[in-house]
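A.B. asks: quick one, what's the 3D model for this:
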Amino acid sequence: MGLKEFMEREPERPEMDEGKRKRRRSQKMSQQQEGRVAKRLDGRTQSGSGTGKRRTTSKGALGGKLLLGGRKGDVETEAANLLVECKATKNKSIGIKRDWLVKITREAANSMRSPALTIAFERVPDDVDQDWALVPVGWLRALMRKAGVEGLE
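C.D. replies: Have a look, this model is predicted:
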């Protein structure tokens, strides 16, 4: 094969299996949601969130202790003092797992923040917000008090 033929050939690309394709699409959708939520809440995304990777220290440093990769939560805000976990789906529904709420509540408590869980649907009508938040009722009540809502005991 000459140089001209080599340069004009179609590159060979292995077919991506369906599972990998779905994971990439899901990862992209999650990253987009995290970016939107961070922007709307004037926060920042956490580097390494969702990686699930674990690493250990060398024996000399901390005796080979297990360390978690990345930071906790997906989005962190300063003004509202929130730690937000983001979940997204392309489906028409999403089940809320108790473990998600336990995880973000404990991580938020460890970083002296309030927990929040946001969910996003890939396709919604234009008049419906794509991102929704779940917060503890006590936190919402405190926010309503600060806003001057009357009738709260």
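
A.B. asks: for the longest helix along the chain, buried residues please.
C.D. replies: The single longest helix within the chain, with elements called by DSSP state H, is helix 18-40. Buried positions in helix 18-40, judged by neighbour count with 16 or more other C-beta atoms under 10 Å: 30-31, 33-34, 36-38. C-beta coordinates here come from the backbone N, C-alpha and C atoms, glycine included.

A.B. asks: can you check stretch 75-83 too?
C.D. replies: Buried-residue list, stretch 75-83, by 16+ other C-beta under 10 Å: 75-77, 82-83.

A.B. asks: hey, where'd the strands end up in the chain?
C.D. replies: Under the criterion DSSP state E, strands of the chain are mapped to 43-45, 54-56, 66-68, 75-77, 82-89, 114-121, 131-134.

A.B. asks: in its sheet, which strands sit next to the first one, and in what direction?
C.D. replies: Going back to what we said before, that points to strand 43-45. strand 75-77 (antiparallel) (DSSP bridges).

A.B. asks: and the partner strand, average pLDDT?
C.D. replies: The average pLDDT within strand 75-77 is 91.
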